[in-house]
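J.: Provide a 3D model corresponding to the input given below.
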Amino acid sequence: MLAAFVSALKTPDLRKKILFTLALVAIYRLGATLPSPGVSYSAVNQCLTESNGQDTSLTTVLNLFSGGALLKLSVFALGIMPYITASIIIQLLTVVIPRFEQLKKQGQAGQSRMTQYTRYLTIGLGILQSTAFLALALNGGLFSGCSVADQIVPDTGAFTLITLVITMTAGTAAIMWMGELITDRGIGNGMSILIFTSIAARIPAEGQNILASQGGLVFTVVLFIGLAIIAAVVFVEQGQRRLPVQYAKRMIGRKMYGGTSTYLPLKVNQAGVIPVIFATSLLYIPSLLVQLFGTPTADAVTGVATYSGVAQWLNQYIINQSSWVHVLLYFALIIFFTYFYVGITFNPTERAEELRKYGGFIPGIRPGRPTAEYLQFVLSRITLPGSLYLGIVAILPNMFLSITGEGNNQNFPFGGTAVLIMVGVGLDTVKQIETQLMQRNYEGFLR
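T.: Residues are numbered from 1 along each chain as shown. The predicted model follows:
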């Protein structure tokens, strides 16, 4: 594997792509630490110290995707989440709006128009999210229990607040631009690389927290369990069902085409990490509503602020990540969104029509409608273990809550969304580098 890296760095154009990607990643991490105008970083650091680096239940995954920039309200505080949300919305609207479905079928020109719509929606979502998190910072909801949580933005004048919203929205636009640059001129998918970088930046700090609070024995156990989880995720991510496809011989002009045998790969995890992001985003809506509209009252004896009525029920059963109601609802939503996303991204009828058009067929299955029904049958059966796998990995932090002693289960560094994204992005990037090495007759990473 080290020889493959040396070969990649010795190839001029591939070396240029790798260095270009690393340069943009460095700029991204620099922007995640740059202070936004009007934010009191002494108050932010004090709140981070009092909370011992733990996130609130509202900002757990969002802060994870931003690499810790969200709680600091830095220039890149929103991270890549507005773009991810916009992309998800556009994909869902493709099924609902006929205009978007037509653009999807127009090839490169239609895809360019869809990308433009995604950019516009990203800017709109950036304005909304920056306004929402700024409102949380003003009422002290960004750091629950911090003594100076309401002093993060000392100046509450209109000019300062507008400047903060514009700064964070502009940071989102810059991240989107850098991600597209990495995709076009670098290595791998740009947005995925930036998310990978944000998550990887938080792992050393989380590991240090476990080591400091629980000791070396628990840290070693967690490390070995984490490596086992990563190995299992790699195994499942590589798993696929290969359907044999035979192409008939065709005479075109004076040449004979076809007559070859290949296969149609159907991955066990056909949906990737998208269902986990869907479910996570949906479960954070109640938390956002409670933080913005709920009115906590302090207990006369303990002084702990609690909610009442519907807000108390949501806070106890839905928002509380150690609640079994939350865990079961999270697991069920992941399974639902897995089937939903696979259903809108893989169309058996279109795939069967493509096979028939190019003279391909599955042995023992007639072309056309029987092929589409067979593909739907196989896809339904393979999606079940894929959805169960996603759900189990996503709720692993809940299982290790008692082991690590963390105040927030998503801070377990080798479980849930973090390991799914890191393994998926890592495998995809390595495969892209390997493909370019194989084109130059070098031996790749996987032997």
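J.: Going by C-alpha atoms from here, please, whenever you check contacts or count neighbours.
T.: Noted.
J.: any idea which helix or strand comes after the helix or strand of the chain with the lowest mean pLDDT?
T.: Across the helices and strands of the chain, the lowest-confidence element by mean pLDDT, DSSP states H and E is helix 401-404, at a mean of 48. As assigned by DSSP states H and E, the chain's next helix or strand after helix 401-404 is helix 417-439.
J.: any idea of the mean pLDDT in that next one?
T.: Here the mean pLDDT over helix 417-439 is 79, rounded to a whole number.
J.: Could you list every helix and strand in contact with it?
T.: With contacts defined as 3 or more CA pairs under 8 Å, 6 or more residues apart in numbering; DSSP states H and E, the packing partners of helix 417-439 are helix 2-10, helix 190-214, helix 216-238, helix 369-394.
J.: okay, the ones you listed in a markdown table with mean neighbour count next?
T.: Written out in a markdown table, the entries for the helices and strands packed on helix 417-439 read as follows (neighbours: other CA atoms under 10 Å):
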| stretch | mean neighbour count |
| --- | --- |
| helix 2-10 | 15 |
| helix 190-214 | 19 |
| helix 216-238 | 15 |
| helix 369-394 | 18 |
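J.: To residue 179, which of those helices lies closest?
T.: helix 190-214 (4.0 Å; CA to CA).
J.: which residues does residue 150 contact?
T.: With CA atoms under 8 Å, 6 or more residues apart in numbering as the criterion, the residues that contact residue 150 are 137-140.
J.: Same check on residue 367?
T.: When contacts are counted by CA under 8 Å, 6+ apart, residue 367 is found next to 352, 355-356, 360-361.
J.: Let me know the average pLDDT across whichever helix in the chain runs longest.
T.: Looking only at the chain and at elements set by DSSP state H, the helix with the highest residue count is helix 108-138. For helix 108-138, mean pLDDT rounds to 86.
J.: ok, the residue lying closest to residue 33 once chain neighbours are set aside to residue 35 distance?
T.: Using CA to CA, 6 or more residues apart in numbering and skipping the chain neighbours, the partner closest in space to residue 33 is residue 74 (6.1 Å). Here the criterion is CA to CA, to the nearest Å. By it, residue 74 lies 5 Å from residue 35.
J.: Make TSV out of the helices and strands packed on helix 417-439 and add distance to residue 121 and mean pLDDT.
T.: Output for the helices and strands packed on helix 417-439, formatted as TSV (distance: least, CA to CA, whole Å; pLDDT from 0 to 100):
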stretch	distance to residue 121	mean pLDDT
helix 2-10	37	71
helix 190-214	16	80
helix 216-238	31	82
helix 369-394	28	89
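J.: And for residue 289, the neighbour number?
T.: The criterion is other CA atoms under 10 Å. On that basis, residue 289 has 12 neighbouring residues.
J.: Going forward, count from 567.
T.: Yep, numbering from 567; the last one is residue 855 now.
J.: ok, it to residue 702 distance?
T.: Look at residue 855 and residue 702: by CA to CA, they are 11 Å apart.
J.: Please render the helices and strands packed on helix 983-1005 as CSV that adds distance to residue 988 to the earlier fields.
T.: Output for these, formatted as CSV (distance: least, CA to CA, whole Å):
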stretch, distance to residue 988
helix 568-576, 19
helix 756-780, 5
helix 782-804, 9
helix 935-960, 13
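J.: Residue 834 is nearest to which of these?
T.: Nearest to residue 834 among the helices and strands packed on helix 983-1005 is helix 935-960 (5.1 Å), distances taken as CA to CA.
J.: Check the offset of the closest one from the chain's centre.
T.: 21 Å (CA atoms, centre = their mean, to the nearest Å).
J.: That one to helix 983-1005, inter-axis angle?
T.: Counting by axes from the mean of the first three to the mean of the last three CA atoms, to 10 degrees, helix 935-960 lies at 120 degrees to helix 983-1005.
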